[in-house]
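> compute the structure for the input listed below.
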Amino acid sequence: MALSKEVVKKVAISYAYVAIWISLSFAVIVYNKYILDPKLYNWPFPISLTMIHMAFCSSLAYLLVRVLQVVEPVTTMTREFYLKNVVPIGALYALSLWFSNSAYIYLSVSFIQMLKALMPVAVYSLGISFKKETFRSNTMANMVSITLGVAIAAYGEAQFNGFGVFLQLGAVAFEATRLVLIQILLTSAGIKLNPITSLYYVAPCCFVFLSLPWAVMEMPRLIQTSSFHFDLLVFGTNSLCAFALNLAVFLLVGKTSALTMNVAGVVKDWLLIAFSWSVIKDTVTPVNLFGYGIAFLGVAYYNHAKLQAMKAAEEAKTAKAGQGGDEEAGKLLEEKESKNGEEYEKKSDEKN
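I've put the predicted structure just below:
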């Protein structure tokens, strides 16, 4: 059966959004690694790099929201609500970005992607703790399999660094907590932020939180590094890629679904592992691949289970709507038949 042009067009657009997101996410990760790695660009200041990103994104978001008015701000965002709900999310985002960027100094790109496979485990575990997820033994068993796979991959890592692993696991924990808090604090309050409004509200807060550790840990070292000159081309294009990635997330999730992004993320991880091994020449051992293969199957099963749950919920919703429609149609038919009977009796009376 031939597909209609409309269906082909819709599929092509969806694949285009996926390709754009994968390309930009790939570019940001490799670009950050290039800047921070001592063997490459050799600028090991992750807090400074994150602050540059936040300053750039804050400025562009302010331009789009307040000056050009391309996106409307949230009208119900009061100062009290911002301090109580958005500031904690901004703090967690700052910690997540700081730790994840710092990990690039100590770990290979491929191993970092393997460790990121623990994200569903962290989100699900925190979801249970905050009573946003229901405990299911089969799901928990799947989480254990993912954890086991990542542990095997870590055991086989040729360039294992304990501090780097601590940083990346910390980044996963902070990011998972941020995602759960978004669901609790914002979604429950009926506030939905797209990437532009998210950056508008969160990025300045994130910048402020990062300024304290930056003043203590990196500012003195930067002052002593007199040979460094700010490269506008490198840091400008790097920040632009980070901002564009946020827009790509908005397009991908808005035009497809969050589940599509999760599946695309798995494809991106394999591409990054291949790139790290073939181009950057990072060592990827057979034990690495075996362990990540187990974790990959666990993540794939998790995504499949979520897809089936979404389909079941959608079918139940459609069936309920159809049942309601059938009941409404039945009522209308009964009313019509009753009305026709009354008219028939009236006409019979008139004839008599």
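> which stretches of this protein have low pLDDT?
Within the chain, the segments meeting pLDDT under 70 span 1-4, 226-228, 254, 257-259, 321-352.
> helices along that one, start to end?
5-36, 46-62, 79-81, 87-106, 109-115, 119-129, 137-155, 162-181, 195-213, 219-224, 232-255, 258-278, 286-351 (DSSP state H).
> what angle do the fourth one and helix 232-255 make?
For helix 87-106 against helix 232-255, the angle between stretch directions is 120 degrees (axes from the mean of the first three to the mean of the last three Cα atoms, to 10 degrees).
> which residues sit against helix 87-106?
With contact meaning Cβ atoms under 8 Å, 6 or more residues apart in numbering, helix 87-106 is reached by 32-33, 36-38, 44, 46-47, 49-50, 53-54, 112, 161, 163-164, 167-168, 170-171, 174-175, 177-178, 181-182, 185-186, 201-203, 205-210, 213. Every C-beta, even on glycine, is put in place using the N, C-alpha and C of the backbone.
> drop anything exposed from the residues you listed.
Burial by neighbour count, judged by 16 or more other Cβ atoms under 10 Å, picks out 32-33, 36-37, 44, 46-47, 49-50, 53-54, 112, 161, 164, 167-168, 170-171, 174-175, 177-178, 181-182, 185-186, 201-203, 205-207, 209-210 from these.
> only the buried residues of stretch 22-32, if you could.
22-32.
> okay if I get those as CSV plus distance to residue 288?
Shown next, in CSV, are these (distance: Cβ to Cβ, whole Å):
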residue, distance to residue 288
22, 22
23, 25
24, 26
25, 21
26, 19
27, 24
28, 23
29, 18
30, 19
31, 23
32, 21
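> neighbours of residue 295, how many?
Neighbour count for residue 295, taken as other Cβ atoms under 10 Å: 26.
> ok, it - contacts?
114, 117-118, 145-150, 153.
> can you check residue 111 too?
153-154, 157, 159-160, 282, 288.
> between those, which is nearest residue 262?
The shortest gap between residue 262 and any of the contacts of residue 111 belongs to residue 153, at 19.3 Å (Cβ to Cβ).
> how near is that closest one to residue 165?
Using Cβ to Cβ, to the nearest Å, residue 153 is found at 11 Å from residue 165.
> same question, residue 268
Taken as Cβ to Cβ, the span from residue 268 to residue 165 is 21 Å.
> same deal with residue 213?
20 Å.
> check residue 237 too.
Taking Cβ to Cβ as the measure, residue 237 falls 30 Å from residue 165.
> more neighbours: which of those two?
Remark: of residue 237 and residue 165, residue 165 carries more neighbours, 18 against 13, as counted by other Cβ under 10 Å.
> quick check, that one in contact with residue 112.
No - with contact defined as Cβ atoms under 8 Å, residue 165 does not reach residue 112; the gap is 9.5 Å.
> need the residues touching each of those two.
With the criterion set as Cβ under 8 Å, 6+ apart, the contacts of residue 165 and residue 112 do not overlap.
> tell me which residues in stretch 13-21 are buried?
17-18, 20-21.
> dump those residues into TSV; add distance to residue 230 as well.
Putting the buried residues of stretch 13-21 into TSV (distance: Cβ to Cβ, whole Å) gives the following:
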residue	distance to residue 230
17	34
18	35
20	29
21	29
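> residues contacting residue 126?
Neighbours of residue 126 in contact, by Cβ under 8 Å, 6+ apart: 176-177, 180.
> how near is residue 47 to residue 98?
Taking Cβ to Cβ, one finds residue 47 at 6 Å from residue 98.
> between those two, which contacts overlap?
By the contact definition Cβ under 8 Å, 6+ apart, residue 47 and residue 98 are jointly contacted by 210, 213.
> list the contacts of residue 150.
Contacts of residue 150 by Cβ under 8 Å, 6+ apart are 114-115, 117-118, 291-292, 295.
> which residue, other than its chain neighbours, is closest to it?
residue 295 (5.0 Å; Cβ to Cβ, 6 or more residues apart in numbering).
> what's the answer for residue 82, then?
Spatial nearest neighbour of residue 82, chain neighbours left out: residue 201 (7.0 Å); criterion: Cβ to Cβ, 6+ apart.
> I'd say that neighbour and residue 193 touch.
Yes - the criterion here is Cβ under 8 Å, and residue 201 meets it with residue 193 at 6.8 Å.
> got any residues that touch both of these two?
residue 74.
> I'd like the contacts of residue 126 as a markdown table, with distance to residue 250 appended.
Compiled in a markdown table, the contacts of residue 126 are given as follows (distance: Cβ to Cβ, whole Å):
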| residue | distance to residue 250 |
| --- | --- |
| 176 | 21 |
| 177 | 22 |
| 180 | 21 |
